[in-house]
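Trainee: Just the structure for this:
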Amino acid sequence: MHRAEVVADQPERRSLRQSRTQPIERGAKAELLELEIGDVRLGPGRVRHPWQPAGRQDGSNAELGVDARLREELGPVAVVLAEPVQEQDAGPHRPLRRLDDVRLDAGVAPAEDLVADACRHGGHCATGIYDQRVLDTEAPAIRLTELTTCGGCAAKLGADALAEALSGLGIDRLDGAGSADLIAGLDPPDDAAVHLVSPELAVIGTLDFFPPIVDDPRTFGEIAAANALSDVFAMGGRVLFALSVAAIPEDMPTAAFRAILDGAASKVREAGGILAGGHTIRDPEPKYGLAVIGVAAPDRLLRKGGAEPGDVLILTKPLGTGLLVSGRRRGKTSDVDLDAAVGSMRGLNRRAAEVLVEHGVHGATDITGFGLLGHGLEMARASGTRFVFDAAALPALDGALDLARSGVETGGAAHNRRFVAPALGVADSVAEDLVTLAHDPQTSGGLLAAISPGRATAVMDGLRAAGVTAWTIGRVEAATVPAVALA
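Mentor: The predicted model follows:
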């Protein structure tokens, strides 16, 4: 815990500075100055002694006159940082709060009165001339979702707005000597950029990050990493290494940030790569993700444009993560249902991708923020086809359809509806909760693959043998205008 140390500044003035070794010494009496959250530009007139009654700051008593005394003795007050203190039984005294800023509060009892409480509650006693007691406890568990307005892939910019922003950008034009070797990029959009190194080798590059979707830091790191790694698998590649992309509040406990990194590193290792570095900036709203580099054989890539009329559509994870997370924020999602969603989001698409590549599949994508219909439409446009989904066959996580029927929907789903609407056909027999499910933004969702009928059985058998559950959810049809449909 940081403490304030009084040091000589000028003959007639003193100031406070941060120290880990010295207690506060001022005059002949020990004092406890409580610092509360919220103010960082306060003058000394806002400060009271611990024993001074509230409202008595008029300076009428020379001994207790705060303004005069602070000007004479303390000078500018430095920001003091310390860990939060949790009181199980504060007794008659007000509990100590976080010492993050510089408002000094008179409602706290003098430090010597808290000696017994400090030792009783597990704090250690810092020995000093006046035996000031400072409680030293670990920070309380942080709830990451309380720092965000939305999380996961639901935080993605809508596909409609993104398409407008990228329109005419010119990235697809062959401007440089090496541009002809960019075999996947923005035109048409794909899951990752792919650069041809040689006839036998292509390098895959991708980046993905988002705000927390769960409270536990390690689990957040695992989900964010699994989601970012998925783009390499959706292209049929294998992971080489990854770099962290992090935006972290300055007051986030180091242990929490380390847990995020540990979770991410564990998933990168599971994917066959290594977390090799990264970049971190300050941000009041935490965000985390990865830039991932992988490799693949150029002739065995999985592409959004690889679907053909007659192909069977399969999906390797159930839908509904957006609904369940949004429902949790409203107190409607059970612990059991949320745990199942978290387990799905933490799972890698590595084995599923390996099976698809082994069986010569060429058309696939991963289902994330644009939902099943949004990503299905991207594949339909890239391949010039129509994707017809069997609404009754769509797999849903437990609780997701109940939430959809109760009116729960994410903000990201509204973007998805606008993006898909001009190209979407819905049969009259399709229930509205299934329409909601098909628009639901997924975080670290499964792979959607288009498989020729002659290979479908072998692929499904291969997925099952690899421990991957998959569902047949539709078909690919010829079309003059690319579209999607719920039948």
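Trainee: now the helices for the stretch 301-450 of the chain?
Mentor: Assigned by DSSP state H, counting those that start in this stretch, the stretch 301-450 of the chain shows helices spanning 321-329, 335-346, 350-358, 371-383, 400-405, 411-420, 432-439.
Trainee: Export the last one to CSV, keeping only CA atoms.
Mentor: Pointing back at helix 432-439 there. What follows is helix 432-439, C-alpha atoms only, in CSV (Å, rounded to 0.1, in the frame of the first residue of the first chain):
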residue,chain,number,x,y,z
GLU,A,432,-40.0,-14.7,-34.9
ASP,A,433,-37.7,-16.1,-32.2
LEU,A,434,-35.8,-18.1,-34.9
VAL,A,435,-35.4,-14.9,-37.0
THR,A,436,-34.0,-13.2,-33.9
LEU,A,437,-31.6,-16.1,-33.4
ALA,A,438,-30.4,-16.0,-37.0
HIS,A,439,-29.6,-12.2,-36.7
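Trainee: that older thread, go through the helices of the stretch 301-450 of the chain and name the closest to residue 309.
Mentor: Evaluated over the helices of the stretch 301-450 of the chain, closeness to residue 309 peaks at helix 371-383, with 9.0 Å, by C-beta to C-beta. Any C-beta I mention is one placed from the backbone N, CA and C, and that applies to glycine too.
Trainee: Relative to residue 444, how far out is the closest residue to residue 239 other than its chain neighbours?
Mentor: The shortest distance from residue 239 to any non-neighbouring residue, by C-beta to C-beta, 6 or more residues apart in numbering, is to residue 273 (3.8 Å). Per C-beta to C-beta, to the nearest Å, residue 273 is found 16 Å from residue 444.
Trainee: Settle it for me: which of these two has more neighbours?
Mentor: residue 444 (30 against 21; other C-beta atoms under 10 Å).
Trainee: quick revisit: mind putting the helices of the stretch 301-450 of the chain into JSON lines with mean neighbour count and distance to residue 301?
Mentor: Below are the helices of the stretch 301-450 of the chain laid out as JSON lines (neighbours: other C-beta atoms under 10 Å; distance: least, C-beta to C-beta, whole Å):
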{"stretch": "helix 321-329", "mean neighbour count": "26", "distance to residue 301": "27"}
{"stretch": "helix 335-346", "mean neighbour count": "18", "distance to residue 301": "25"}
{"stretch": "helix 350-358", "mean neighbour count": "22", "distance to residue 301": "9"}
{"stretch": "helix 371-383", "mean neighbour count": "26", "distance to residue 301": "13"}
{"stretch": "helix 400-405", "mean neighbour count": "22", "distance to residue 301": "32"}
{"stretch": "helix 411-420", "mean neighbour count": "21", "distance to residue 301": "25"}
{"stretch": "helix 432-439", "mean neighbour count": "22", "distance to residue 301": "27"}
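Trainee: Mean pLDDT for these - can I get that in JSON lines?
Mentor: Below are those laid out as JSON lines (pLDDT from 0 to 100):
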{"stretch": "helix 321-329", "mean pLDDT": "93"}
{"stretch": "helix 335-346", "mean pLDDT": "97"}
{"stretch": "helix 350-358", "mean pLDDT": "98"}
{"stretch": "helix 371-383", "mean pLDDT": "96"}
{"stretch": "helix 400-405", "mean pLDDT": "98"}
{"stretch": "helix 411-420", "mean pLDDT": "92"}
{"stretch": "helix 432-439", "mean pLDDT": "98"}
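Trainee: and residue 266, which of those helices is closest to it?
Mentor: Here helix 335-346 is closest among the helices of the stretch 301-450 of the chain (C-beta to C-beta), at 9.9 Å.
Trainee: just checking, what packs against the closest one?
Mentor: Counting contacts by 3 or more C-beta pairs under 8 Å, 6 or more residues apart in numbering; DSSP states H and E, helix 335-346 packs against helix 217-234, helix 321-329.
Trainee: what would those helices look like in CSV with distance to residue 308?
Mentor: Converted to CSV, those look like this (distance: least, C-beta to C-beta, whole Å):
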stretch, distance to residue 308
helix 217-234, 18
helix 321-329, 29
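Trainee: of these, which approaches residue 299 most closely?
Mentor: Closest among the helices and strands packed on helix 335-346, using C-beta to C-beta: helix 217-234, at 17.0 Å.
Trainee: How is this structure divided into domains?
Mentor: For the chain, the domain assignment from automatic domain parsing gives the residue ranges 3-120, 145-486.
Trainee: Which of those has the lowest mean pLDDT?
Mentor: Sorting the domains of the chain by mean pLDDT places domain 3-120 lowest, at a mean of 41.
Trainee: Just list the residues touching the closest residue to residue 324 other than its chain neighbours, thanks.
Mentor: Leaving aside its chain neighbours, residue 324 sits nearest to residue 341 (4.4 Å; criterion: C-beta to C-beta, 6+ apart). Under the criterion of C-beta atoms under 8 Å, 6 or more residues apart in numbering, the contact list for residue 341 reads 320, 321, 324, 325, 397.
Trainee: Closest one to residue 437 out of these, please.
Mentor: residue 320 (6.2 Å).
Trainee: Could you verify my assumption that that closest one touches residue 440?
Mentor: Yes: assessed by C-beta atoms under 8 Å, residue 320 is found in contact with residue 440 at 6.1 Å.
Trainee: Between those two, which contacts overlap?
Mentor: residue 400.
Trainee: what does stretch 297-306 rub up against?
Mentor: Taking C-beta under 8 Å, 6+ apart as the rule, stretch 297-306 contacts 183-184, 188-191, 194, 196, 199-202, 234-237, 353, 356-357, 360-365, 378-379, 382-383, 449-450.
Trainee: repeat that for 7 Å
Mentor: Here stretch 297-306 makes contact (C-beta atoms under 7 Å, 6 or more residues apart in numbering) with 183-184, 188, 190, 194, 196, 199-200, 202, 234-236, 353, 356-357, 361-365, 378-379, 382-383, 450.
Trainee: Also stretch 451-461?
Mentor: Contacts of stretch 451-461 (C-beta under 7 Å, 6+ apart): 310, 311, 312, 314, 355, 356, 359, 360, 361, 470.
Trainee: right, and the last one touches residue 316 too?
Mentor: Yes: using C-beta atoms under 7 Å, residue 470 is in contact with residue 316, at 4.9 Å.
Trainee: Which one of these two is surrounded by more residues?
Mentor: residue 316 (25 against 21).
Trainee: how much space between the nearest residue to the more buried one once chain neighbours are set aside and residue 468?
Mentor: Spatially, and ignoring its direct neighbours in sequence, residue 316 is nearest to residue 446 (3.7 Å; C-beta to C-beta, 6+ apart). Residue 446 sits 9 Å away from residue 468, going by C-beta to C-beta.
Trainee: So these two - more neighbours on which side?
Mentor: Just comparing residue 446 and residue 468: by other C-beta under 10 Å the higher neighbour count belongs to residue 446, 27 against 22.
Trainee: My guess is residue 394 contacts residue 474. True?
Mentor: No: checked against C-beta under 7 Å, the pair residue 394 and residue 474 is beyond contact range at 8.9 Å.
Trainee: out of these two, which sits in the more crowded spot?
Mentor: residue 474 (26 against 20).
Trainee: about what we covered before: any residues in contact with both of residue 470 and residue 316?
Mentor: With C-beta under 7 Å, 6+ apart, residue 470 and residue 316 have common neighbours residue 463.
Trainee: Pull up the gap between the residue nearest to residue 316 and residue 307, please.
Mentor: For residue 446 relative to residue 307 (C-beta to C-beta), the value is 16 Å.
Trainee: can you check residue 394 too?
Mentor: 18 Å.
Trainee: Now, of the contacts of stretch 297-306, which are buried?
Mentor: 184, 190, 194, 196, 202, 234-236, 353, 356-357, 361-365, 378-379, 382-383, 450 (16 or more other C-beta atoms under 10 Å).
Trainee: All set, thanks.
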